[in-house]
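>>> just need the structure, nothing else, for what follows:
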Amino acid sequence: MSTELFDIVDSQDTVIGTTDKKTAHAEGHLHRVAAVFVFNEAGELHVQQHPRDGKWDHSVGGHVSKGETYAEAAAREAEEELGITQPLKELATSLSGEEYSYERHLFGLYTCVAETGWKFEPNEEVKVIFPMALTAIRQAMIDEPEERFTRGFRITMAEYDRLQNL
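Model prediction:
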């Protein structure tokens with residue numbers, strides 16, 4: 001099995017090197033992550049229960065591979081994790097600054113409304129996902145932010161709200 005490589009970037013999201021996941025996290029190299037918020041027709045956000053610690057997380061999320069764009073990574077991860085192949089809407093990329101660089105990540109944020117008839121099938125990457133009203137997510141983020149949510153999800157949710165003027 002080969003090691004997946006990632007681009008190391010500077011705070012302006014310019015590629016300055018190459019690394020692997022373990023080294024990036026151990027040595028604090030800034031690198032890219034794509035996140036996708038998948039909504040249902042009722043406007044609820046599908047929230048993933050992270051397999052590592054059970055915390056709630058983006059509908060879809062994953063590292064951007066070396067030479068890959070945020071959009072390519074978001075589409076790849078959406079298909080791998082949830083079987084979603086429809087077009088995604090870009091909300092923001094290169095979310096920079098310390099508040100967006102959890103584990104030295106720069107985020108690209110995308111959204112979509114799941115097509116009618118889409119049904120989640122548990123798989124190796126995602127075991128549990130559930131729809132949740134945005135108001136309930138926001139309240140839970142106030143009540144139990146660190147206990148219930150991944151830091152990356154808290155960061156991108158705040159950015160989503162800002163971009164949507166909520």
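
>>> skipping its backbone neighbours, what lies nearest G43 in space?
The shortest distance from G43 to any non-neighbouring residue, by C-beta to C-beta, 6 or more residues apart in numbering, is to L134 (7.2 Å). Any C-beta I mention is one placed from the backbone N, CA and C, and that applies to glycine too.

>>> identify the residues contacting that neighbour.
With contact set as C-beta atoms under 8 Å, 6 or more residues apart in numbering, L134 has these partners: 43-45, 166.

>>> tell me the one of those nearest G17?
Nearest to G17 out of the contacts of L134 is L45 (C-beta to C-beta; 34.6 Å).

>>> measure that closest one to A74 for me?
In this view, L45 and A74 are 16 Å apart by C-beta to C-beta, to the nearest Å.

>>> one more: A136?
Taking C-beta to C-beta, one finds A136 at 25 Å from A74.

>>> look at the two and report which has more neighbours.
A74 (27 against 12; other C-beta atoms under 10 Å).

>>> T3: which of the contacts of L134 is nearest?
Closest to T3, out of all of the contacts of L134 and judged by C-beta to C-beta, is L45, at 32.9 Å.

>>> tell me the confidence at the closest one?
Note on L45: pLDDT of 98.

>>> surely it and F37 touch.
Yes: the pair L45 and F37 qualifies as a contact (C-beta atoms under 8 Å) at a distance of 5.7 Å.

>>> neighbour-wise, which of those two wins?
F37 (24 against 21).

>>> helices and strands around the lowest-mean-pLDDT helix or strand in the chain, which ones?
Using mean pLDDT, DSSP states H and E, strand 89-95 stands out as the lowest-scoring helix or strand of the chain, at a mean of 85. Under the contact definition 3 or more C-beta pairs under 8 Å, 6 or more residues apart in numbering; DSSP states H and E, strand 89-95 sits against helix 70-82, strand 105-113, helix 151-163.

>>> and if we set it to 7 Å?
For strand 89-95, the packing partners by 3 or more C-beta pairs under 7 Å, 6 or more residues apart in numbering; DSSP states H and E come out as strand 105-113, helix 151-163.
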